[in-house]
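Peer 1: kindly return the folded structure for what I paste below:
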Amino acid sequence: MNNGYMATMNKLKRLWILLISSLILTSCDAYLQMSYIIKNTSSNDIKLFVPNYPVDSLPRAFGHQKDTTLILKPNEAIIVGFGIDIDFPWATKNIYRDKPGICGIKMHIKDSIIVLGCTEKEWKYRKGRSRLELK
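Peer 2: Sure, this is the predicted structure:
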């Protein structure tokens, strides 16, 4: 066999090794984002204090946040935060298991302030989102 043929075969062999190594070393993890949504299902306006409310469309780790007071109209829903993780594409519920809701949200009703819970008791997971319904 000639040396040109052997050199080409060695290059192809190295290319295959590089390709297979990159496939093995590259995992199928994905960037996951779960939104936290509050919906007003009552017939009255609801005033909410939301800590670390995202003021950009970027997720919490990348965007700006500030404490904000919002007024939710009847049957209105709003995203009040994001949970992010890097995991398998189908593992969004793991974000919910670690952090079912956003803590520190306060509801103002007349002269009283009600602190909303941030557990699975109040927040419900559905279709990749954590949702709190205010009645």
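Peer 1: what's the separation between the closest residue in space to residue 120 that isn't next to it in sequence and residue 65?
Peer 2: Once flanking residues are discounted, residue 120 sits nearest to residue 100: 4.6 Å by CB to CB, 6 or more residues apart in numbering. Heads up, the C-betas are built off the backbone N, CA and C, glycines and all. Going from residue 100 to residue 65 by CB to CB, to the nearest Å gives 19 Å.
Peer 1: which helix runs longest in this protein?
Peer 2: helix 3-25 (DSSP state H).
Peer 1: and the very next helix or strand once past that helix, average pLDDT?
Peer 2: Moving toward the C-terminus from helix 3-25, the next helix or strand (DSSP states H and E) is strand 30-40. The average pLDDT for strand 30-40 rounds to 91.
Peer 1: stretch 64-79 now?
Peer 2: For stretch 64-79, mean pLDDT rounds to 91.
Peer 1: can you get me the start-to-end distance on that stretch?
Peer 2: End-to-end distance of stretch 64-79: 15 Å, with CA to CA, to the nearest Å as the criterion.
Peer 1: go ahead and confirm residue 41 touches residue 73.
Peer 2: No: the pair residue 41 / residue 73 is not scored as a contact, 11.5 Å apart, by CB atoms under 8 Å.
Peer 1: higher neighbour count, these two?
Peer 2: residue 41 (13 against 10; other CB atoms under 10 Å).
Peer 1: for the more buried one, give its distance to residue 30.
Peer 2: Distance, residue 41 to residue 30, using CB to CB: 32 Å.
Peer 1: give me the spatial nearest neighbour of residue 78, chain neighbours excluded.
Peer 2: Using CB to CB, 6+ apart, the nearest residue to residue 78 is residue 38, at 5.9 Å.
Peer 1: so that neighbour makes contact with residue 49?
Peer 2: No: contact criterion CB under 8 Å: residue 38 and residue 49 do not qualify, at 11.8 Å.
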